[in-house]
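J.: Output the structure for:
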Amino acid sequence: MTIDPEDYLEPSCPLEEPGGCKHGHGHHAHGSGPGAEYTHGNGCDRDHDHGDECCCDHGDDCCCDHDHGAMPHRNQPRRIPMQEVIRECDRLFNSEKMVELGEHLRKWREEARRIGDREAELGILSELMGHYRMLGDRERGLMAVRDGFALLGQLGIAGSVTAGTILINGATALQAFGDIDGALNYYKEAFRCYGAHLDPNDWRFAGLLNNMAAAYAAKHDVKYAEAYYRKALDVLKACGNLMDAAVTHVNLAQMYAAEDGDDPRIASELELAVACFDDPAAVHDGYYAHTCRKCASAFGPLGFPEVEEELNWRADEYYAGN
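T.: Model prediction:
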């Protein structure tokens with residue numbers, strides 16, 4: 001099944017100011033190209049959420065206009081060392097130290113506010129959106145989304161790739177906390193941000209597609225959900241991203257099971273997920289362990305308790321050594 005251009009709605013820009021939404025309309029990934037917790041059901045968990053990018057991108061598309069971690073010149077304002085902040089995020093995440101991770105992010109957010117580094121504060125808020133989502137902390141998660149989206153509008157970066165990534169993180173949190181329609185609105189805007197700047201096979205589209213699929217699956221719109229999941233798999237295959245491909249296969253299996261517990265595609269999708277975990281090319285790092293843990297709980301209820309046990313064992317083995 002292909003996704004036609006008319007399938008991508010053109011919502012009004014959620015960040016639009018009285019003067020109009022200032023984003024470009026470059027090529028969109030319609031037709032044969034892929035379109036967007038992950039987790040981001042199970043979407044992809046890292047934009048930056050520990051597999052993709054920091055919401056600041058820390059590179060050419062970074063919303064920050066400073067060298068992360070560099071010492072300021074005498075007359076330059078102080079800046080948050082974002083590379084160090086994100087490295088510590090990854091270390092705590094890979095050690096499953098979620099309480100300490102939250103404390104770390106909140107501390108640096110307060111420091112960013114104190115010194116007026118709004119770009120860094122936005123990056124940290126985007127991390128907090130994913131953190132609170134994963135913990136199920138609805139109140140603080142929605143506050144992070146509210147504050148982050150407000151700051152995104154103030155910084156004037158609507159329509160950029162960075163804005164798209166932050167919109168995805170916020171939308172995924174909204175989806176997790178029950179606002180599926182609101183999430184879809186922001187996913188569609190993120191799709192426009194990415195489509196204006198990125199190649200259709202850019203790895204960042206995979207997380208967006210997975211999240212949009214999960215939202216449609218939550219609405220029991222299987223036609224759209226399956227189309228987005230399949231497009232996500234096309235991108236992940238092109239990128240060689242085995243862990244997110246495993247998550248996507250599990251998502252498909254759970255969606256099929258929700259519609260018909262006897263659907264033979266359930267077992268076939270789970271087998272494809274296991275093949276991703278067993279692939280010799282899979283890197284057994286913190287994200288591998290996280291994905292094992294995340295996907296394990298799906299296998300037991302779907303009739304594969306031995307796989308659930310095996311994946312949990314692999315995660316335990318990694319975390320015991322770290």
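J.: contacts, neighbours, all on C-alpha from now
T.: Will do.
J.: Just the buried residues of stretch 114-127, please?
T.: 117-127 (16 or more other Cα atoms under 10 Å).
J.: wait, stretch 229-243
T.: Judged by neighbour count (16+ other Cα under 10 Å), stretch 229-243 contains these buried residues: 229-237, 241-243.
J.: so which of the buried residues of stretch 114-127 comes closest to Ala282?
T.: Taking Cα to Cα as the measure, Glu127 is the one of the buried residues of stretch 114-127 closest to Ala282, at 25.5 Å.
J.: Quick check: that closest one vs Val247, distance?
T.: Distance of Glu127 to Val247, computed by Cα to Cα, to the nearest Å: 21 Å.
J.: Could you do Leu135 as well?
T.: From Leu135 over to Val247 (counting by Cα to Cα), the distance is 19 Å.
J.: With neighbour numbers in mind, choose between those two.
T.: The residue with more neighbours, out of Leu135 and Val247, is Val247; 29 against 12, by other Cα atoms under 10 Å.
J.: Might one say that that one is in contact with Ala273?
T.: Yes. Val247 is within contact range of Ala273, at 7.1 Å (criterion: Cα atoms under 8 Å).
J.: ranges for the strands of this protein?
T.: In order along the chain, the chain carries no strands (DSSP state E).
J.: Point out where it drops to low pLDDT.
T.: For the chain, the stretches with pLDDT under 70 are 1-77.
J.: So which residues of it form helices?
T.: Per DSSP state H, the chain carries helices over the ranges 82-94, 98-115, 118-135, 138-155, 161-176, 180-197, 204-218, 222-239, 242-259, 265-278, 286-299, 305-320.
J.: so what's the residue lying closest to Glu309 once chain neighbours are set aside up against?
T.: Computed as Cα to Cα, 6 or more residues apart in numbering, the closest residue to Glu309 that is not its neighbour in sequence is Ala296, at 7.3 Å. By Cα atoms under 8 Å, 6 or more residues apart in numbering, the contact set of Ala296 is 307-309, 311-312.
J.: any idea how far Ala296 lies from Ala289?
T.: According to Cα to Cα, Ala296 stands 10 Å off from Ala289.
J.: tell me the domain ranges of the chain?
T.: With domains defined by automatic domain parsing, the chain comprises 34-239, 240-322.
J.: Of the ones you listed, which stretch is the most buried?
T.: domain 34-239 (a mean of 21; mean count of other Cα atoms under 10 Å).
J.: Tell me the gap between it and the middle of its chain.
T.: Mean C-alpha position of domain 34-239 versus that of the full chain (Cα atoms, centre = their mean, to the nearest Å) differs by 6 Å.
J.: thinking again about what came up before, which one of the buried residues of stretch 114-127 sits closest to Tyr186?
T.: Closest to Tyr186, out of all of the buried residues of stretch 114-127 and judged by Cα to Cα, is Ser126, at 14.0 Å.
J.: Can you verify my assumption that that closest one contacts Ala150?
T.: No. Between Ser126 and Ala150 there is no contact under Cα under 8 Å: 11.8 Å.
J.: so what's the residue nearest to Thr291 when sequence neighbours are not counted up against?
T.: Closest residue to Thr291 apart from its sequence neighbours, by Cα to Cα, 6+ apart: Met243 at 6.5 Å. The contact partners of Met243, by Cα under 8 Å, 6+ apart, come to 276-277, 282, 287-288, 291.
J.: And the furthest pair within those residues?
T.: Spanning the widest gap among the contacts of Met243 are Cys276 and Tyr287, at 13.3 Å by Cα to Cα.
J.: Just to check, Ser160 is in contact with Tyr194?
T.: Yes. Using Cα under 8 Å, Ser160 makes contact with Tyr194 at a distance of 7.4 Å.
J.: okay if I get the buried residues of stretch 229-243 as CSV plus distance to Met143?
T.: CSV is the format used below for those (distance: Cα to Cα, whole Å):
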residue, distance to Met143
Tyr229, 29
Arg230, 33
Lys231, 32
Ala232, 29
Leu233, 32
Asp234, 35
Val235, 32
Leu236, 32
Lys237, 36
Asn241, 32
Leu242, 33
Met243, 30
